[in-house]
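Novice: would you be able to build a 3D model of this:
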Amino acid sequence: MNIKILLNKLFTVNSLEKVISGQNVTVYKNVINELIEPSSSVSNLQALNIIYDYMSKKHRNEYFYKNTLLNKILLGRHSINTSTAIRELPVNKCILDFLIINGVGQAYEIKTELDNLKRLKDQIENYYHVFSFCNIVTDISHVEQIKNSLDIPEVGIIVLTKRNTLHEERKAIKYEKKLDYESMFKVLRKYEFEAILKDNFGYLPKTKDFEYYDACFQIFKELDVLKAQEEMLWQLKQRRGVDTDNIEKFKMVPREIKSLVYFSSYKKDNFERLDRFLTKKMGDV
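Specialist: Here you go, the predicted structure:
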């Protein structure tokens, strides 16, 4: 199988869990066979480092971009104690690649060098229905086309450089004119919009089950639109990837798989199992 396809399969939450638990190591061993000498006496940790280094030079896929955002922005500029990252968040008919909430919500749409830009304008316009700061994270090869084809001067443009640093080509500017109650409400889970209504109005509607969602939405619309956004962001921020008891353990996770672990809701025993896997000989699970 093509090494790039293998890498896409390996760096997912489910795949990592299967590798660490020994349920399915086929993809991992196939990647090892492609990139590392079988006779090499290295640990799984060292193997992941070699594999990720190859990705950084030969195959910067969407996972590589997301993992870079998490390492360099959430963990590098902010604090895991006060900020939250969310990936693949449904927004209307689009899926937002990455969101970081630290006081404000910064939306990040990823366009790797492997992607086309056909849906970009529609995606960004949809994100502005919910968030006031939107960014495109991309390769330098896309920058001029984005500037020429996307007539939204408020959107930020961030370049993942060849040295794998993030260069802010254009800073995102706050844009609130498109904020939309329905789009924000749909982002929320039931217990989240119920908490907003109870906190702001002190009650929940008493209706038949099939009328309940619409009744809650009607009350939500009574908030000022910026207040509604503020409440929505606060609720989203509570979707923390790492609980406070395990922050120190998370800090020890290798950067190569930081994003996968962050979005896996690891508990103490998960971290211990990961540590055992990383110290074992390459391919041994």
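Novice: with only the CA atoms kept, save the longest helix anywhere in the chain in CSV.
Specialist: Longest helix in the chain, counting residues (DSSP state H): helix 44-58. Taking C-alpha atoms only, helix 44-58 is exported to CSV below (Å, rounded to 0.1, in the frame of the first residue of the first chain):
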residue,chain,number,x,y,z
ASN,A,44,8.2,2.7,19.6
LEU,A,45,8.8,6.3,20.7
GLN,A,46,11.9,6.6,18.5
ALA,A,47,10.0,4.9,15.6
LEU,A,48,7.2,7.5,15.9
ASN,A,49,9.8,10.3,15.8
ILE,A,50,11.3,8.9,12.6
ILE,A,51,7.8,8.5,11.0
TYR,A,52,6.7,12.0,12.0
ASP,A,53,10.0,13.5,10.7
TYR,A,54,9.3,11.8,7.3
MET,A,55,5.8,13.3,7.3
SER,A,56,7.2,16.8,8.1
LYS,A,57,9.3,16.6,4.9
LYS,A,58,7.3,14.4,2.5
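Novice: what's the domain layout of the protein?
Specialist: According to automatic domain parsing, the chain comprises the domains 3-59+243-279, 66-170, 181-237.
Novice: coming back round to it: quick one: contacts of whatever helix or strand comes next after the longest helix of the chain?
Specialist: Downstream of helix 44-58, the first helix or strand assigned by DSSP states H and E is helix 62-69. Residues outside helix 62-69 that contact it (C-beta atoms under 8 Å, 6 or more residues apart in numbering) are 8, 11-12, 55-56, 85, 87, 97-98, 100, 108, 110, 112, 137, 160, 164, 166, 255-260. C-beta here means a position set from N, CA and C on the backbone, and glycine is covered the same way.
Novice: angle of the helix or strand following helix 62-69 against helix 62-69?
Specialist: The C-terminal neighbour of helix 62-69 among helices and strands, as given by DSSP H and E, is strand 84-91. If you take axes from the mean of the first three to the mean of the last three C-alpha atoms, to 10 degrees, strand 84-91 sits at 140 degrees to helix 62-69.
Novice: show me which residues of strand 84-91 are buried.
Specialist: For strand 84-91, a neighbour-count test (16 or more other C-beta atoms under 10 Å) marks 84, 85, 86, 87, 89, 91 as buried.
Novice: how about stretch 70-88?
Specialist: Within stretch 70-88, the residues that qualify as buried by neighbour count (16+ other C-beta under 10 Å) are 70, 71, 73, 74, 75, 78, 80, 83, 84, 85, 86, 87.
Novice: rewinding a little: reformat the domains of the chain as a markdown table; add mean pLDDT.
Specialist: As requested, the domains of the chain are exported to a markdown table (pLDDT from 0 to 100):
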| stretch | mean pLDDT |
| --- | --- |
| domain 3-59+243-279 | 92 |
| domain 66-170 | 95 |
| domain 181-237 | 97 |
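Novice: state the distance from the residue nearest to residue 75 when sequence neighbours are not counted to residue 97.
Specialist: Excluding its sequence neighbours, the residue lying closest to residue 75 (C-beta to C-beta, 6 or more residues apart in numbering) is residue 258, at 7.2 Å. Look at residue 258 and residue 97: by C-beta to C-beta, to the nearest Å, they are 16 Å apart.
Novice: for residue 37, state which of the buried residues of stretch 70-88 is nearest.
Specialist: residue 71 (28.1 Å; C-beta to C-beta).
Novice: got the contact list for the closest one?
Specialist: 255, 258, 259.
Novice: for the second one, pull up the helix or strand it's in.
Specialist: In this structure, residue 258 sits in helix 258-262 according to DSSP H and E.
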